[in-house]
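Undergrad: Kindly generate the corresponding structure for this input.
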Amino acid sequence: MTTHNRNLEIEERHVEKKSDSSMVASTFIKYAAYLIIFFGALYFLVRYVFPIF
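TA: Have a look, this model is predicted:
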């Protein structure tokens, strides 16, 4: 068996995930508001609408 010495150029890539903290915060606030509205509507239904039946 013969061994071939090859000169290979290896390209290194450093991938950095960039996250915009203001974008993350605004998304969190948006979904938190959705949850508050959802649970507020559920509370209203349980507290005021269901007792009527």
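Undergrad: and Y43, how many neighbours does it have?
TA: Applying the criterion other Cβ atoms under 10 Å, we find 10 residues in the vicinity of Y43. Bear in mind the C-beta positions are built from the backbone N, C-alpha and C, glycine included.
Undergrad: Check L42 too.
TA: The number of residues near L42, taken as other Cβ under 10 Å, comes to 10.
Undergrad: Distance check, it against A33.
TA: According to Cβ to Cβ, to the nearest Å, L42 stands 15 Å off from A33.
Undergrad: likewise K18?
TA: Distance from K18 to A33, by Cβ to Cβ: 26 Å.
Undergrad: neighbour count winner among those two?
TA: For the pair K18 and A33, the greater number of neighbours falls to A33 (10 against 5), based on other Cβ under 10 Å.
Undergrad: where does that one fall, phi/psi-wise?
TA: phi -70, psi -40 (degrees, to the nearest 10).
Undergrad: What ranges does this protein have for its helices?
TA: 21-44 (DSSP state H).
Undergrad: Against Y48, how distant is S21?
TA: From S21 to Y48 the distance is 40 Å (Cβ to Cβ).
Undergrad: should've said V15
TA: 53 Å.
Undergrad: Check A25 too.
TA: When A25 is compared with Y48 (using Cβ to Cβ), they lie 34 Å apart.
Undergrad: try D20
TA: From D20 to Y48 the distance is 41 Å (Cβ to Cβ).
Undergrad: What of F28?
TA: Distance from F28 to Y48, by Cβ to Cβ: 30 Å.
Undergrad: Likewise for G40?
TA: From G40 to Y48 the distance is 12 Å (Cβ to Cβ).
Undergrad: swap in E12?
TA: Distance of E12 to Y48, given as Cβ to Cβ: 63 Å.
Undergrad: Of those two, which one has the most company?
TA: Legend: neighbour count by other Cβ under 10 Å for E12 and Y48, higher for Y48 (9 against 4).
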